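Student: Structure for this input, please:
(chains A and B)
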Amino acid sequence: MTLPLSDIQAVLPELIVVAAACLVLGLDPITPQSKKTWLAWLSLGSLVLCVPITISQMGMRVSAFSDLVVLDPYACFWKLLLYLVSGLTILLSLAYLKAERINLGEYYGFLLLSLSGMMIMVSAVDLLTIYLGTELMSLSLYVLAGFKRFEARSLEASAKYFVLGSFSSGILLYGISLLFGVAGSTRLSAIAAAVANRGLDDPALVLAMILLVVGFGFKIAVVPFHMWTPDVYEGAPTSVTAFMAVASKVASFGAFVRVFLEGLGGLKANWYGLFLVVCIATLVLGNVVAIVQTNIKRMLAYSSIAHAGYALIGVVVAGQADTEGAVRSAGLSSVMLYLAVYAFMTLGAFAVVAMIRKGGLEGEEIEDFTGLAKRQPIAAFLMLVFMVSLAGIPPTAGFIGKFYLFLAAVNAGLAWLAVIAVLFAAVSAYYYLRVVMVMYMRDLDISAGLAPRFASSPAMTVVLACAIAGVVILGLYPDPLVWVTSFAVLPLK
Amino acid sequence: MSDLSIQSGGFPWLTAVVFLPLAGAVLLFFVKDAAVRWTALAVALADLALSFPLFFLYDRSATGMQFTEQVAWIASPPINYAVGVDGISLPLLLLTTLLTPLCVLVSWRAIETRLREFMATLLVMATAMLGVFVALDFVLFYVFWEAMLIPMYLLIGVWGGPNRLYAAVKFFLYTLAGSVLLLIAILVLFFQGGHTFDILLLSKAGYSQTLQNWLFWGFFIAFAVKVPMFPFHTWLPDAHVEAPTAGSVFLASVLLKMGAYGFLRFTLPMLPDATAAFTPIMVGLSLIAILYGAYMALAQADLKKLIAYSSVSHMGFVTLGIFALNAQGIEGALMQMINHGITTGALFICVGIIYERTHSRMIADNFGLANPMPRYATCLVIFALSSLGLPGTNSFVGEFLILIGTFLWNKAAAVVASLGVILAAAYLLWMVQRVAFGPTAGHSALRLSDLNWREMTIMVPLIVLVFWIGLFPNPLLRVMHTSVDHLIEQEDQENRALARRDAREMRERREARDGHVAQVSLKANNK
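Tutor: From the prediction side, this is the model:
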């Protein structure tokens, strides 16, 4: 059997990333310790290579490998976002890994493998292929989470993530197998046809749908499948936490939305209410529990849960039955916009967190930010902007993201849901502003042990510059992104 | 309006006025330490000079917005950068540009730490506040409205008093929680009012009574927290007491006006039926605010708290005038907004000046200042008399118009409101009696210097305004007239309909009675 060239072209970016990952892993043993940074640049180079390819594929709509993967604007949008997030994570890792003395080549290899898994997830239209993508992503992330081998917390994070993650993958697989039993195929199009034939009340379909919600719910960390998030985010190296909080969430949302709208779109009436409940529970729990956190990584973990709740509003809108396609498309494109905005502000916040050092360790308590505005005015100001943006206050990108979500919700007649969401956005301002308060309004008590330091580096500066540019420019001029998301949205009827 | 239109001579007056302070804030980070104060002052004065011609160029006879500019900002949904002023917003715009240089001057010596950041925050704040008054697009308005929270939060939290963290967080959460619902109300209006965020188009659209009622409360919470109306006023005393003087001045003089401005710009024109329906509740809350604020002010030992509660009372007059829904009431409310901005701002500056000298805001620590500081005592007395609405001073004009307006609406309400004027006289005169003329207290050991040239420079323009508006209110009233008339047209239609109905009922009743009398007399005749 020969592979047609067009199929190869369709997955060219994936191939490049996998090849680069293998190359990094292969070169790692023969690279001297002092030259490990070269592997990072190699990884970054492969991403830079992928960007123009994906942009050129943006307008296409082809399926490859007998309908296992598809190349559509929707997939390309997520891929571009993932390149950006991965590229910034690599830059963020450079100095961080050195400071933590875990500057190993495998790190970049696993990062790229994880990225390739995510790319497969967002472009697959077959449940098994999506499953393969999630596993490739997750297995690499399990390794990355435990990358600080000598630190019990990191190992615990890795083990916890692995056990719970495998469990959720099992549930996902079980759901897929039920769907295969019903439809005789794992293609989303075949499943959609089977759903249309069998109707809403088929117990096998409903059970499979619930299992898929559980499986994906774990990956995007929504209540009640969020339990692993704070522990894993806290224990994992900060650069990995940033990557998990943004890239894995973005990719999982991409796959999750495609599966439910393209494959299980006929069951909208069944999953709509379920999503609504999960959405509200996520908004409430994420925002309320974040208030009591003292560790900034845990706080950002709960904040990432809450943001998944906001993004779900758009999914709920996209899944509303008896609603015009245009209204539902607006819901979906607002999810895409929100996650793009979320990527910038969350990466920026984690970058600042990764730069706070206390002794030889990370300064990751909120207290460690005390008086930062006096010692590092620029870093403190950047953190202020990221926090304000996460709270959704104009004129930052976070406001624009929420604005489009709420616009879609009100348009779909869900003004009450938007009201709940804005009230919890006001709650979230409390914990985001606490960071600002600590930085600007408290002075450091020098007598109390080691003073937190601030480690900046050129690569870190690039990360922060990109993040702040994204937050500010998208806040003031979101038009291009709005256009791209409405172009790349899945066609909804 | 076309896609891109800049009227009135082609010069984008309002954009320049709004964004000059922001540019100045950026500039501040590139000047030497020694030049920070002068640069900030120069920027603020330049902004004042730039806004000044607007007062003369403004066409007093024309209805509608002037100096409009419109540029497309976001294509989908259509959001424009649209600005303009009318007779309601122009006085508030000028008040803001006038107070900005005064705030810079007030902070000249009072701010000792992180002066550069302070001045920059102050100027950013000015941009956000000016933006609120000129925005003609609802989303643009909301962006400015919310953007203002962060600099104010920093002003209170970084440069405030001992309990500043609590006050800053309280201020922020209160006002944010109030205004998030406004966002949803704006989005609902967008879909109900013809897919536009244009404030003027939305005002003309007309909405069903049920929708208006819902939107009314969405708007109400946002604006009532800012005003602040009873029972949403509890953030105000904390924020005022802890904020640095310049922050208090901005809070009292401009921020509180944003809430009242919101009622005038959005609630009245967009939701006339709901406004008419809920007027009794609004008037009731205003009356409670007037009396409760005044009553609380009587009990305060802290000067700043006293003025803060007097603000609650005075802003009660403003909302009372607005919801009297007639020309006198609304013009009075607008006058009161400007006057409160001048007088209360001046009183806060007075407290700030004495705090710099005695390091106490307690009345008990600041007895008998007339002897060591005669110029200061004179200023304090003038502003206190102005605040209690003495004829000849500015506040009299506003309060009098409001009381006339209220009297026309409901005589009992006017009587209750006048009690507030009496209470104001009580707490202000009692304060002046102790602070200016009381027996010299513990500070006698300190050598108190009287106002210096800088402080006099702050006071003189404010005193001039107190008497100018008090004696010749017409130039200011003429600016407001056309816009206020235009505003109450919609309300008037409502009222006229009611009046017609009343007249018809009276006629019918009279006819019925006459008929009855006729019948009775007919019967009598028959007998």
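Student: Secondary structure class of B:Ala82, three-state.
Tutor: strand (DSSP: H, G, I helix; E, B strand; the rest coil).
Student: wait, B:Gln70
Tutor: Strictly by three-state DSSP, B:Gln70 counts as strand.
Student: Quickly find the element holding the closest residue to B:Gly262 other than its chain neighbours.
Tutor: Spatial nearest neighbour of B:Gly262, chain neighbours left out: B:Phe223 (3.9 Å); criterion: Cβ to Cβ, 6 or more residues apart in numbering or on different chains. Placement of C-beta: from N, CA and C, glycine included. In this assignment (DSSP states H and E), B:Phe223 forms part of helix B:209-226.
Student: Now do that helix, average pLDDT.
Tutor: Confidence for helix B:209-226, expressed as mean pLDDT, is 91.
Student: quick one: buried residues of it?
Tutor: B:211-216, B:218-226 (16 or more other Cβ atoms under 10 Å in any protein chain shown).
Student: how about the helix or strand following that helix as CSV, C-alpha atoms only?
Tutor: As assigned by DSSP H and E, the chain's next helix or strand after helix B:209-226 is helix B:235-242. Presented in CSV, the C-alpha positions along helix B:235-242 are these (Å, rounded to 0.1, in the frame of the first residue of the first chain):
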residue,chain,number,x,y,z
TRP,B,235,-17.8,51.7,50.3
LEU,B,236,-17.7,55.5,50.1
PRO,B,237,-16.7,56.5,53.7
ASP,B,238,-13.9,53.9,53.7
ALA,B,239,-12.6,54.8,50.3
HIS,B,240,-12.7,58.5,51.1
VAL,B,241,-11.1,58.3,54.5
GLU,B,242,-8.2,56.1,53.3
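Student: So what touches helix B:235-242?
Tutor: B:156, B:160-164, B:166-168, B:170-171, B:174-175, B:225, B:228, B:248, B:251-252, B:256, B:302, B:304-305, B:307-309, B:311-312, B:348, B:361 (Cβ atoms under 8 Å, 6 or more residues apart in numbering or on different chains).
Student: returning to that earlier point: how about the helix holding B:Phe223 as PDB, C-alpha atoms only?
Tutor: Coordinates of each C-alpha in helix B:209-226 appear next as PDB, following Å, rounded to 0.1, in the frame of the first residue of the first chain:
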ATOM      1  CA  GLN B 209     -42.200  47.700  29.500                       C
ATOM      2  CA  THR B 210     -41.000  44.300  30.800                       C
ATOM      3  CA  LEU B 211     -37.600  44.600  29.200                       C
ATOM      4  CA  GLN B 212     -37.200  48.100  30.400                       C
ATOM      5  CA  ASN B 213     -37.900  47.000  34.000                       C
ATOM      6  CA  TRP B 214     -35.200  44.400  33.800                       C
ATOM      7  CA  LEU B 215     -32.700  46.700  32.200                       C
ATOM      8  CA  PHE B 216     -33.600  49.400  34.700                       C
ATOM      9  CA  TRP B 217     -32.400  47.400  37.600                       C
ATOM     10  CA  GLY B 218     -29.300  46.300  35.700                       C
ATOM     11  CA  PHE B 219     -28.400  49.900  35.100                       C
ATOM     12  CA  PHE B 220     -29.500  50.900  38.500                       C
ATOM     13  CA  ILE B 221     -27.100  48.700  40.400                       C
ATOM     14  CA  ALA B 222     -24.100  50.000  38.400                       C
ATOM     15  CA  PHE B 223     -25.000  53.600  38.700                       C
ATOM     16  CA  ALA B 224     -26.400  53.500  42.200                       C
ATOM     17  CA  VAL B 225     -23.100  52.000  43.500                       C
ATOM     18  CA  LYS B 226     -21.200  54.800  41.900                       C
END
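Student: helices or strands up against it?
Tutor: helix B:164-192, helix B:256-262, helix B:272-298 (3 or more Cβ pairs under 8 Å, 6 or more residues apart in numbering or on different chains; DSSP states H and E).
Student: so it versus helix B:272-298, what angle?
Tutor: Angle, helix B:209-226 to helix B:272-298, by axes from the mean of the first three to the mean of the last three Cα atoms, to 10 degrees: 20 degrees.
Student: Identify each buried residue in stretch A:355-363, please.
Tutor: A:Met355, A:Ile356, A:Arg357, A:Lys358, A:Glu362, A:Gly363.
Student: Arrange these in JSON lines, one row each, with distance to chain B as further columns.
Tutor: Shown next, in JSON lines, are those (distance: Cβ to the nearest Cβ, whole Å):
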{"residue": "A:Met355", "distance to chain B": "21"}
{"residue": "A:Ile356", "distance to chain B": "20"}
{"residue": "A:Arg357", "distance to chain B": "25"}
{"residue": "A:Lys358", "distance to chain B": "23"}
{"residue": "A:Glu362", "distance to chain B": "26"}
{"residue": "A:Gly363", "distance to chain B": "21"}
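Student: Keep only those of those that are in strands.
Tutor: Judged by DSSP state E, the buried residues of stretch A:355-363 include A:Ile356, A:Arg357, A:Lys358, A:Glu362 as members of strands.
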